[in-house]
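> Mind folding the following:
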Amino acid sequence: MKIKICGITNLADGQFAISHGADYLGFIFYEKSPRYIEPEFLKRWIGDLQKVDKVGVFVNKSIDDIIEVVKDCSLDVVQLHGGESDDDIDRLHDFGIEVWRVFGLKCVVDMEKVATCKADKVLIDSISSSEYGGTGKVCDWRLAAQLASIRDVMLAGGLNPDNVVEAVKAVRPFGVDVSSGVELRPGKKDLAKVKKFLILGKI
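Numbering: from 1, shown residues only. Predicted structure coming up:
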């Protein structure tokens, strides 16, 4: 089971997550997020985060801007959380960038669109009309499980140390993604919760 700790805003939290088994660290490049991090700030210390894949989370950014941040911050994965198209994914693939696409599953009708998306992996999150991720709300595990049976799914949405084991058993995803569920406050991790989530998520 792969685990992504998202919303990292400082070196100490990132290094702690790596030391306890995180496979991915997520960095939010969406200015309206309370977990937003400036690319110029991140690139000063992201090189000190070793043996982990770095994921940049973008919302409706131009592809040129995304590629510039990928280069500046040495990102391994781009996570698209807005209205980006398959053509946008193709452009990122042309640059050799791994792409994840975020979806909310409201009903079975959504499954076909998600199943045929050109992204390397899909991340299933809860749905909010006013927020992009980090809502703390659980998504539909039943639909997520159906999708996970046919392609690689990263499961997000309301996960925390208390429900991650149940979520993994119910969905059988490629991996799980947590942000608000292991925080003291937006942008600052609760290290005890991070450690517990990483231990339980690997069971």
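> Quick one: mean pLDDT over stretch 9-20.
Mean per-residue pLDDT for stretch 9-20: 98.
> Give the buried residues for it.
9, 13-18, 20 (16 or more other C-beta atoms under 10 Å). In this view, the C-beta of every residue, glycine as well, is placed from N, C-alpha and C.
> ok, now stretch 28-43?
28-30, 33, 35-37, 39, 42.
> Please apply the same query to stretch 69-87.
69-70, 73, 75, 77-81, 84.
> residues making contact with that stretch?
Residues from elsewhere that reach stretch 69-87 (C-beta atoms under 8 Å, 6 or more residues apart in numbering): 24, 26-27, 29-30, 39-40, 42-43, 46-47, 53-61, 66, 88-89, 92, 95, 97-102, 117-119, 123, 132-133.
> For that stretch, output the C-alpha coordinates as PDB.
What follows is stretch 69-87 as a C-alpha-only set of coordinates in PDB (Å, rounded to 0.1, in the frame of the first residue of the first chain):
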ATOM      1  CA  VAL A  69       7.100  24.500 -11.300                       C
ATOM      2  CA  VAL A  70       7.900  20.900 -12.100                       C
ATOM      3  CA  LYS A  71      11.300  21.900 -13.300                       C
ATOM      4  CA  ASP A  72      12.000  24.400 -10.500                       C
ATOM      5  CA  CYS A  73      11.000  22.100  -7.700                       C
ATOM      6  CA  SER A  74      12.100  18.800  -9.200                       C
ATOM      7  CA  LEU A  75       8.600  17.200  -8.900                       C
ATOM      8  CA  ASP A  76       8.000  13.600  -9.800                       C
ATOM      9  CA  VAL A  77       4.200  13.700 -10.200                       C
ATOM     10  CA  VAL A  78       1.600  16.300 -11.200                       C
ATOM     11  CA  GLN A  79      -1.800  16.100  -9.600                       C
ATOM     12  CA  LEU A  80      -4.600  17.900 -11.500                       C
ATOM     13  CA  HIS A  81      -7.400  19.000  -9.300                       C
ATOM     14  CA  GLY A  82      -9.300  21.500 -11.500                       C
ATOM     15  CA  GLY A  83     -11.000  21.400 -14.900                       C
ATOM     16  CA  GLU A  84      -8.000  20.200 -16.900                       C
ATOM     17  CA  SER A  85      -8.600  18.100 -20.000                       C
ATOM     18  CA  ASP A  86      -7.100  14.900 -21.500                       C
ATOM     19  CA  ASP A  87      -5.300  17.200 -24.000                       C
END
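> hey, which helix or strand in this structure has the poorest pLDDT?
helix 109-115 (a mean of 79; mean pLDDT, DSSP states H and E).
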